[in-house]
Structures are given as structure tokens and as C-alpha cells.
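A.B. asks: My questions are about this predicted structure, shown below with the sequence.
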Amino acid sequence: MTDTGRIIRGHSIERTSPKGERFVGTCWQCGRSGLTLSDMSEPCENVAGLTETESLVMAIEQPEKTT
């Protein structure tokens with residue numbers, strides 16, 4: 001846990017790179033960009049304060065931004 005009481009989990013990454021290229025994205029919870037799939041297990045500060053459910057809903061409802 002952080003000193004604010006939030007649980008630190010891995011990143012929730014949205015893909016920003018074009019499909020067919022190496023996966024690179026931005027975390028919804030902390031805003032860090034340039035993340036790869038291997039970065040998902042890194043601790044995320046979650047400055048947005050999103051719950052796991054909120055992150056999942058964002059992943060489902062966000063319009064696709066890459067082609």
C-alpha cells in the first residue's frame with residue numbers, strides 16, 4: 001500500500017502503437033507512456049485512483065484509437 005492507503009497494482013495499459021507493430025501503450029491509472037506488455041507487472045502508483053473495475057470498464061468502453 002502507499003502512504004495514501006491505495007493499493008499498488010500493475011499498470012492498466014491502453015495500446016497506442018499501430019496494430020502489427022510492437023505493443024506500446026499508456027497506463028490509464030498513472031499516465032506513464034511508452035509501456036510494453038512486460039511492464040504490466042510493474043507496480044503502478046495509480047494516481048488516477050481507479051479501481052480494477054473502473055479500469056476494466058474503460059478498456060471495454062474506450063473507442064479504438066489505433067488502426
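C.D. replies: Alright, I've got the coordinates. Numbering: from 1, shown residues only.

A.B. asks: Helix or strand with the lowest mean pLDDT in this protein?
C.D. replies: Least confident helix or strand, the chain: helix 52-61 with a mean of 79, by mean pLDDT, DSSP states H and E.

A.B. asks: Just the buried positions in it, please.
C.D. replies: By 16 or more other CB atoms under 10 Å, the buried positions in helix 52-61 come out as residue 55. C-betas here are computed from N, CA, C, even on glycine.

A.B. asks: ok, and what's touching that helix?
C.D. replies: For helix 52-61, contacts defined as CB atoms under 8 Å, 6 or more residues apart in numbering pick out 9, 12, 14, 28-29, 50.

A.B. asks: Mind checking which residue lies nearest the centre of the protein?
C.D. replies: Compute the mean C-alpha point of the chain, and by CA atoms, centre = their mean the closest residue is residue 12, 2.3 Å away.

A.B. asks: Once you drop chain neighbours, what's closest to that one?
C.D. replies: residue 55 (4.0 Å; CB to CB, 6 or more residues apart in numbering).

A.B. asks: next one: residue 27
C.D. replies: residue 11 is the one closest to residue 27 (CB to CB, 6+ apart), at 4.1 Å.

A.B. asks: ok, the one you found touching residue 34?
C.D. replies: No. Residue 11 lies out of contact with residue 34 (CB atoms under 8 Å); the separation is 11.2 Å.

A.B. asks: neighbour-wise, which of these two wins?
C.D. replies: Higher neighbour count among residue 11 and residue 34: residue 11, with 24 against 11, using other CB atoms under 10 Å.

A.B. asks: Settle this for me: residue 46 is touching residue 29, isn't it.
C.D. replies: Yes. At 4.2 Å, residue 46 counts as touching residue 29 under the criterion of CB under 8 Å.

A.B. asks: could I get stretch 13-24 in PDB with only the CA atoms?
C.D. replies: Extracted C-alpha coordinates of stretch 13-24, given in PDB (Å, rounded to 0.1, in the frame of the first residue of the first chain):
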ATOM      1  CA  ILE A  13      -2.200  -0.200 -20.400                       C
ATOM      2  CA  GLU A  14      -4.000   1.100 -23.500                       C
ATOM      3  CA  ARG A  15      -2.300   0.400 -26.700                       C
ATOM      4  CA  THR A  16      -1.100   3.500 -28.600                       C
ATOM      5  CA  SER A  17       1.100   1.800 -31.200                       C
ATOM      6  CA  PRO A  18      -0.500   0.600 -34.500                       C
ATOM      7  CA  LYS A  19      -1.600  -3.000 -34.700                       C
ATOM      8  CA  GLY A  20       1.000  -5.200 -36.400                       C
ATOM      9  CA  GLU A  21       3.800  -3.300 -34.600                       C
ATOM     10  CA  ARG A  22       5.300  -4.000 -31.200                       C
ATOM     11  CA  PHE A  23       2.800  -3.300 -28.400                       C
ATOM     12  CA  VAL A  24       3.400   0.100 -26.800                       C
END
